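>>> Pasted the sequence and its predicted model underneath.
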Amino acid sequence: MTRPIADIIRTEPIAAAALVVAAGGAATILGAYYFQFVLGLPPCPLCLEQRVPYYVGIPLAVVVAVLALRKGTPRGLLIGGLLLLAAAMLVGAGLGVFHSGIEWKLWAGPTDCSGGAGLGSAGGLLDRLQNINVVRCDEAAWRFLGLSLAGYNVLISLALAFAASWGVAAGRKQV
């Protein structure tokens, strides 16, 4: 017999929060891959950096969820894992804010993806120019409702940080 989801959330909030972060993170990365490989929008260097918190957070969230569902795992370890997840997602939100600010021309971005990339010495310049493929960080390749993918990453990362923080609070209340 399976338990209702509401019962699992109430009785195992740490596991529930970790599973939300894992599922939300996986959906976000799959969405990024969809834009990259299906729609043909190559990621810029800052887009790739924004994926790192998910690459760290998804496996950590799965481990926290599995450990939370096992009896006898120290609560402090589980709460520490959720705190790490919240921190990783806040880093992701910060990267998204930075990238969004570059897209909105609020501040300058890295020269390697915002124009002005160094081309080196004159020798072999033509060869380098023919092989160069710069994906610009300061131009949003796609927008929906005024937000770019970096902007949506901010919202998603904040939501996942909130989920992990909720799990910390609910886990501390649990006896």
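Here it is on my side, so go on.
>>> ok, how many other residues are close to Ala15?
22 (other Cβ atoms under 10 Å). Backbone N, C-alpha and C define where each C-beta goes, glycine included.
>>> and the gap between the nearest residue to it once chain neighbours are set aside and Lys173?
Computed as Cβ to Cβ, 6 or more residues apart in numbering, the closest residue to Ala15 that is not its neighbour in sequence is Ala68, at 3.7 Å. Computed as Cβ to Cβ, to the nearest Å, the Ala68 to Lys173 distance reads 15 Å.
>>> In terms of packing, which of the two has more residues around it?
Ala68 (25 against 8).
>>> Mind giving me the packing neighbours of the helix or strand in which the more buried one is found?
According to DSSP states H and E, Ala68 maps onto helix 45-69. If you count contacts as 3 or more Cβ pairs under 8 Å, 6 or more residues apart in numbering; DSSP states H and E, helix 45-69 packs onto helix 13-33, helix 75-103, helix 149-173.
>>> what is the mean pLDDT for the last one?
It stands for helix 149-173. Mean per-residue pLDDT for helix 149-173: 94.
>>> How about the most centrally placed residue in the chain, nearest residue that isn't a chain neighbour?
Nearest residue to the geometric centre of the chain (Cα atoms, centre = their mean): Tyr54, 4.3 Å. Closest residue to Tyr54 apart from its sequence neighbours, by Cβ to Cβ, 6+ apart: Gly25 at 4.6 Å.
>>> give me the number of residues near the one you found?
Gly25 - counted by other Cβ under 10 Å - has 28 other residues nearby.
>>> now swap in the one 3 residues further on and tell me
The burial metric for Thr28, expressed as a neighbour count using other Cβ under 10 Å, is 24.
>>> How about it: what's its closest non-neighbour residue?
Ile156 (5.3 Å).
>>> For that neighbour, grab the count of nearby residues.
For Ile156, using other Cβ under 10 Å, the count is 20.
>>> before we move on, the earlier item: any idea of the angle the helix holding Ala68 forms with helix 75-103?
Angle, helix 45-69 to helix 75-103, by axes from the mean of the first three to the mean of the last three Cα atoms, to 10 degrees: 160 degrees.
>>> So for helix 45-69, what gets flagged as buried?
Residues of helix 45-69 classed as buried under the neighbour-count rule (16 or more other Cβ atoms under 10 Å) are 45-47, 49-51, 53-54, 56-58, 60-62, 64-65, 67-68.
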